[in-house]
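# Fold the following.
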Amino acid sequence: MADSDIRHLFEQLNLTEKTAFSLEKTKEDYILDISVQERSNTLAATSSNKFIRLFSYSNLATKGSIEGHSGLITGVKFANTESDILFSSSEDKTIKCWDVRTDLKKPVSVFEGYEESNNIFTSFDVSCNDRVICAGCAQNKKSEDVHLLFWDRRGKELLGCYSDSHQDDITQVCFHPTEPDTLSTGSTDGLVCVFDIGQPTEDDAIVLTLNSESSVDKIGWHNNNLYCVTHIDTFYLWDIKKEEDLLVLTDIKDSNNLQGKDSIEYLIDGLVINDKLHLVAGTHSGSLRVLDVSGDSPTVIQSLTGGHTSTVRCCLWSDNMLVSGGEDSMLCLWSHRKTIPKQELKGKLKVKKSVTRKAQPY
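Next up, the predicted model:
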């Protein structure tokens with residue numbers, strides 16, 4: 001798809017659905033993570049209230065709720081090959097597997113770690129063939145070790161761990177979308193590591209160690225390229241097949257293109273849309289900006305306003321629609337359908353007071 005076609009695709013996006021994660025005014029339920037399964041038309045979202053809620057992806061109608069963790073939920077992810085299977089990780093030292101066709105009272109399976117690791121799971125992912133689950137941990141304050149744990153999803157047993165590649169909390173775990181043995185991880189130590197987990201030892205498995213020079217917020221794959229968004233709003237893109245060539249380095253504070261009406265205050269995540277990588281940024285008042293990062297400096301190709309009233313924490317592109325979740329406890333769906341009339345919005349939503357941005361939601 002040509003750049004002009006992608007620009008036109010974004011220009012046609014409207015706010016078509018909007019729903020509150022929680023209707024309890026007393027709670028500031030930051031939406032922290034979302035996952036979509038197109039085949040079952042299901043969206044899973046988790047927030048700082050330790051719940052997982054399920055919605056219809058096409059219209060954000062509520063489909064169910066999971067109250068299966070006692071600690072903060074740090075990630076949700078649908079299986080890649082089974083449309084009704086959902087995984088969740090938590091600081092309660094478990095990763096749980098759910099079948100969304102059930103009453104959601106009991107998980108299908110539970111994955112736990114070693115006694116030697118603290119098992120505070122801060123991020124996780126599932127390989128593209130759904131055979132391996134990998135979770136990153138917070139640093140063990142006693143031993144100062146930082147563990148990556150691996151499970152066989154089919155057999156449910158713990159396969160092993162890596163403990164020498166990071167020196168601080170692991171913030172991101174991300175398998176390659178088509179190569180089941182290729183794994184990337186990011187940490188507050190500033191390192192982004194790439195592993196071939198088919199190798200027998202951690203020393204053999206580590207392929208690359210990249211330095212973002214700041215705490216890592218998000219990482220993701222675009223073909224053979226690996227991108228990274230840091231907590232100080234820098235964006236890196238590396239070609240890992242060409243001696244880790246740095247293709248793009250962007251610091252939004254130094255970009256002349258992101259001023260005035262196109263100004264942004266933070267970066268959210270990368271999005272691969274029609275095989276092209278874009279970057280999503282925002283303002284603390286709730287506006288979203290979609291950035292083209294293919295040139296010498298990022299440029300805004302579309303602004304999305306009217307959905308959120310506070311900082312957006314996560315976003316996801318699927319089936320030519322964008323869904324976003326924020327600190328205002330709102331999920332917003334942006335598509336090519338007709339914009340929601342204001343009177344319909346008033347009927348669907350209970351107004352919730354905007355909250356200020358915090359470093360942590362808990």
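# and L183, how many residues sit next to it?
Using other CB atoms under 10 Å, the number of residues around L183 comes to 24. Any C-beta I mention is one placed from the backbone N, CA and C, and that applies to glycine too.
# what does V272 give?
Neighbours around V272, by other CB under 10 Å: 16.
# now swap in Q199 and tell me
Residues lying near Q199 (other CB under 10 Å) number 13.
# How much space separates it from Q167?
Q199 is 21 Å from Q167, where distance means CB to CB, to the nearest Å.
# and if you look at G64?
Plainly put, G64 is 40 Å away from Q167 if you go by CB to CB.
# Now do the same contact list for L210.
191-194, 226, 228, 236, 238, 244 (CB atoms under 8 Å, 6 or more residues apart in numbering).
# which of those residues are buried?
Neighbour counting by 16 or more other CB atoms under 10 Å classes 191-194, 226, 228, 236, 238 among the contacts of L210 as buried.
# for stretch 129-137, which positions count as buried?
For stretch 129-137, a neighbour-count test (16+ other CB under 10 Å) marks 130, 132-137 as buried.
# Confirm that T46 sits in a helix.
No - T46: not assigned to a helix; according to DSSP: H, G, I helix; E, B strand; the rest coil it is strand.
# Test my guess that it contacts Y30.
No - contact criterion CB atoms under 8 Å: T46 and Y30 do not qualify, at 9.9 Å.
# circling back: need the contacts of L210 in a markdown table with distance to C332, can you?
Formatted as a markdown table, the contacts of L210 follow (distance: CB to CB, whole Å):
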| residue | distance to C332 |
| --- | --- |
| L191 | 33 |
| V192 | 30 |
| C193 | 34 |
| V194 | 33 |
| L226 | 28 |
| C228 | 25 |
| Y236 | 28 |
| W238 | 31 |
| E244 | 36 |
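# want to throw those residues into a markdown table with pLDDT, secondary structure and distance to M321?
Formatted as a markdown table, the contacts of L210 follow (pLDDT from 0 to 100; DSSP: H, G, I helix; E, B strand; the rest coil; distance: CB to CB, whole Å):
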| residue | pLDDT | secondary structure | distance to M321 |
| --- | --- | --- | --- |
| L191 | 97 | strand | 34 |
| V192 | 97 | strand | 29 |
| C193 | 97 | strand | 32 |
| V194 | 96 | strand | 30 |
| L226 | 95 | strand | 25 |
| C228 | 96 | strand | 25 |
| Y236 | 93 | strand | 27 |
| W238 | 93 | strand | 29 |
| E244 | 63 | coil | 34 |
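# ok, G155 - how many residues close by?
By other CB under 10 Å, 9 other residues sit near G155.
# give me phi/psi at it?
When read as degrees, to the nearest 10, the backbone of G155 gives phi -90, psi -10.
# same check, this time on L333
phi -110, psi 120.
# and it, what does it touch?
Contacts of L333 by CB under 8 Å, 6+ apart are 15-18, 57, 59-60, 321-323.
# what's the closest of those residues to V100?
Using CB to CB, Y57 is the member of the contacts of L333 that lies nearest V100, at 12.4 Å.
# So what does that closest one look like in phi/psi?
Backbone torsions of Y57, given as degrees, to the nearest 10, read phi -70, psi -30.
# ok, now A281?
The phi/psi pair for A281 (degrees, to the nearest 10) reads phi -130, psi 180.
# L210 too?
Torsion angles, degrees, to the nearest 10, at L210: phi -110, psi 150.
# Return the set of residues that bridge with it.
For L210, the beta-bridge partners under DSSP bridges are V192.
# returning to what we had before: and which of the buried residues of stretch 129-137 is nearest to R289?
G136 (29.1 Å).
# who are the neighbours in contact with the nearest residue to Q37 once chain neighbours are set aside?
Closest residue in space to Q37, ignoring its immediate chain neighbours: F78 at 4.1 Å, by CB to CB, 6 or more residues apart in numbering. With contacts defined as CB under 8 Å, 6+ apart, F78 is in contact with 35-37, 42, 44, 85-87.
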